[in-house]
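> Please find the sequence and the predicted model below.
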Amino acid sequence: MQFAQGKNQALTLPPTSGWRENWNVYFRIIKLLRPHWRHTTGALICTLMATLFSLLAPWLLQWVIDVGLHTGRLTDLFIVAGAILGTSILRGLFAYGQGYLSQALSSLVAYDLRNQLYNHLQELSFSFHDDSETGQLMSRMTADIEAVRNYIPMGLMRAILVVITFLSVAVILFRLDIVLALVTFTSVPILLVISERVLRRLRPLWLDVQNGVGDLSTIMQESLSGVRVVKSFAREEFEIKKFGAKNLELRELNMSAMRLSAWNQPLLILALNIIMVIVLWIGGISVINKHLSLGILVAVTQYVLLLGMPVRVFGFTINWWVRGLSGGTRIFSVLDTTSDINDAPDAEVLPKVNGEVHFEHVSFAYNNGIEVLHDINMTVKPGQIVAILGPTGSGKSSILNLLPRFYDVTSGRVTVDGHDVRHVTQASLRRNVGLVLQDVFLFNATIRENIGYGVISATEEEIIEAAKIARIHDFILTLPDGYDTWVGERGVTLSGGQKQRVAIARTLLLNPSILVLDDSTSSVDMETEYLIQQALEAVMQGRTTFVVASRLRTIKNADQILVLERGRIIEQGKHESLLSLNGPYARLYDLQLREQEEFEAQLLASEQVVEPVEEPEEERSKEAQR
Ligand SMILES: Nc1ncnc2c1ncn2[C@@H]1O[C@H](COP(=O)(O)OP(=O)(O)OP(=O)(O)O)[C@@H](O)[C@H]1O
């Protein structure tokens, strides 16, 4: 069963990769321990000491049987019994230290990795996020990091414990009795073969499980954030079924992985018990024939039993190695994805610009390589308004995306005050280019925090001033908590028009010289529309503005109108001159804008108040009630 994976290269991984790549992943996880070398060293020392003390007990037992019991002195027995008790206590203490330090180490590494991954995701370009599924990325941040975190104490540290125990038991057994040692250790390859076979089948299973967790997060994230759409189309049943089906797939995958791991365990213990029987059989004959002392046979069986712990945990250890590998592979694949939008090494910091913008023979294609803008040319003087019109899909938003350099042009160049946008730092460019998009996104924070989002140092007065210009201040004052009102996830507690004005205030605070407005559809009533219009006009004052416009007033005020069709500018000029051409603009005007003109004319004729100076009282109370 294979889960559909994210479209992104970094999110679609082959189920298995070569040993070299696998070791590379482990090596990179181990490198994450370097900053925490104190915890690492402490955990390793504790592992060593715990093993050492566990090895002492059988040796003391051998001494009691072969020497102590023969001397008949009780004091010897007391001393050895005390020594066994002492070593057990010390072993316990070091085992505690090992457990504690390796868990602490794993939490520190998970903390670092989470930060690293989150920071990297923030830096990746729009193209990466276009092709990524949010749920997949969230499961990288949670389930995969958890897999790597668990790998450190339960995979890596346990494996070290297993190897140290195996090696020391091997050395001791060979010194005690070569035959019994050979019997024990020739059986070890059987254990290895069992584990290797399990490992080979487990790895793709765990990778599928982890991809499945990602897909499940995607479904969950989508249906929860789109809950309004789900409910309005009454598709709850469909969403429940979709989730249920994926959940079932994930359960089955998990069960298969568990079944396989569960088999591993009894098989290994059975193999160990068979070794024990053989040792007792051969050793017993040697003791009967007086070739071996009873003490040594008892010690050998104790050492073989000591192998039981690593053998028992071997299965789990392998499990965590495999899960750590899958988690690590998925995390590093994102970390290794480089952003295709980077600051050039010699990028300059763009100072506050006047706002002169040039598009010179600009063509552009998204990731899929299909060119959506062809040979776009325009010269925009500081303070000018450029209205962009065109049918849906004609490339209006794509033009806007190039200005703050969300994407790079495929050919040609975009300049701001003579600087190619690719030659200045992204942060300084974006400080100069403010955006207000149609699909407003607000954070789950207070109104004050949302308005101040782009300017950390903004004062209370500046925030209020921005809100006043954006025509939202009066409404905010009607709220019980004023500027401290929590807006909810994505601003759900505000109406569309209110959200848009908060977003306008947020951009206004940035005081950018260039504005990019996506004002393409209006889903608000006339009064709110009027307020937004006022807010937009205030915000456009003295700034170069690019606006995807659907409002006649904005278009009439524009210094340039660009009419786009299939990624080309087919007409360019001012309202009156374009209208007189009787071409595509005139047709668009007839279709979309004439109604607005007539409506305004009607309003004027009936001498209604066309331009109220203040927000109407009833609008304010209506908004407050919403
Ligand atoms: N992220 C993307 N990846 C690939 N193609 C895209 C992407 N975004 C837009 N496109 C394509 O680019 C073309 C132009 O889209 P764009 O969004 O710029 O049009 P638009 O004029 O703004 O449309 P609308 O008025 O509907 O918002 C369309 O064919 C669209 O399918």
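Received, thanks.

> hey, let's count contacts and neighbours off CA atoms from now on
Will do.

> If we ignore the residues flanking it in sequence, what's nearest W486?
When the adjacent residues along the chain are set aside, W486 lies closest to T446, with 4.2 Å between them (C-alpha to C-alpha, 6 or more residues apart in numbering).

> Phi and psi next, for that neighbour.
Dihedral pair for T446: phi -80, psi 170, per degrees, to the nearest 10.

> Would you confirm that it contacts T485?
Yes: the pair formed by T446 and T485 meets the contact definition of C-alpha atoms under 8 Å, at 5.1 Å.

> ok, how many other residues are close to L161?
A total of 21 residues lie near L161 under the criterion other C-alpha atoms under 10 Å.

> which neighbours does the helix or strand V548 falls within have in its sheet, and in what orientation?
Assigned by DSSP states H and E, V548 falls within strand 544-549. Using DSSP bridges, the strands paired with strand 544-549 in its sheet are strand 385-389 (parallel), strand 514-519 (parallel).

> related to what we said a few turns ago, got a list of what the residue nearest to W486 touches?
The neighbours of T446, taking C-alpha atoms under 8 Å, 6 or more residues apart in numbering as the test, are Y483, D484, T485, W486, V487.

> thinking again about what came up before, of the strands paired with strand 544-549, which is nearest W59?
Shortest separation from W59 across those is recorded for strand 514-519, at 79.5 Å, computed as C-alpha to C-alpha.

> Off-centre distance for the closest one?
Between the mean C-alpha location of strand 514-519 and the chain-wide mean there is a distance of 29 Å, by C-alpha atoms, centre = their mean, to the nearest Å.

> Repeat that for stretch 382-399.
Centre-to-centre, stretch 382-399 and its host chain are 33 Å apart (C-alpha atoms, centre = their mean).

> and that stretch, is it in reach of the ligand?
Yes: under the criterion of C-alpha under 6 Å from any ligand atom, the ligand is reached by stretch 382-399 at T392, G393, S394, G395, K396, S397, S398.

> any idea which of those residues has the most stuff around it?
Using other C-alpha under 10 Å as the neighbour test, the residues of stretch 382-399 next to the ligand are led by K396, with 27 neighbours.

> pLDDT score assigned to that one?
Model confidence at K396, expressed as pLDDT, equals 90.

> cool, and T554?
The per-residue confidence score, pLDDT, reads 75 for T554.

> tell me the contacts of it?
Taking C-alpha under 8 Å, 6+ apart as the contact definition, T554 lies against A387.

> any idea how far the ligand is from it?
Here T554 is placed at a distance of 17 Å from the ligand (C-alpha to the nearest ligand atom, to the nearest Å).

> Surely that residue is in a helix?
Yes: assigned with DSSP: H, G, I helix; E, B strand; the rest coil, T554 falls within a helix.

> That one and H575: what is the separation?
Here the distance between T554 and H575 works out to 10 Å (C-alpha to C-alpha, to the nearest Å).

> for I469, same thing?
Using C-alpha to C-alpha, one obtains 27 Å as the distance from I469 to H575.

> same for the helix or strand harbouring I331, what does it pack against?
Per DSSP H and E, I331 falls inside helix 294-335. For helix 294-335, the packing partners by 3 or more C-alpha pairs under 8 Å, 6 or more residues apart in numbering; DSSP states H and E come out as helix 19-31, helix 37-63, helix 74-123, helix 145-150, helix 158-176, helix 188-225, helix 236-288.

> so where's the chain uncertain?
For the chain, residues meeting the criterion pLDDT under 70 lie at 1-17, 312, 315, 489-492, 519-529, 592-597, 599-626.

> how about the residues of it near the ligand?
Residues of the chain found near the ligand, taking C-alpha under 6 Å from any ligand atom as the criterion, are D130, Y366, V372, T392, G393, S394, G395, K396, S397, S398.

> Show me these that map onto strands.
Here DSSP state E is the test, and the residues of the chain next to the ligand give V372 as lying in strands.

> possible to save the residues of the chain next to the ligand as TSV with distance to R203?
Shown next, in TSV, are the residues of the chain next to the ligand (distance: C-alpha to C-alpha, whole Å):
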residue	distance to R203
D130	29
Y366	35
V372	42
T392	47
G393	44
S394	47
G395	45
K396	47
S397	44
S398	42
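
> And the residue lying closest to D144 once chain neighbours are set aside, how far from R203?
Distances taken as C-alpha to C-alpha, 6+ apart put G327 closest to D144, at 4.2 Å, once the chain neighbours are dropped. Plainly put, G327 is 11 Å away from R203 if you go by C-alpha to C-alpha.

> Compare the two and say which is more crowded by neighbours.
Counted by other C-alpha under 10 Å, G327 and R203 do not tie: G327 has more neighbours, with 28 against 23.

> burial count for I190?
Counted with other C-alpha under 10 Å, the burial measure for I190 works out to 14 neighbours.

> any idea how far T186 is from the nearest residue to it once chain neighbours are set aside?
With sequence-adjacent residues excluded and distances taken as C-alpha to C-alpha, 6+ apart, I190 is closest to A271, at 7.8 Å. When distance is defined by C-alpha to C-alpha, A271 is 12 Å away from T186.

> For these two, indicate the residue with more neighbours.
Regarding A271 and T186, a neighbour count based on other C-alpha under 10 Å identifies A271 as having more, with 16 against 11.
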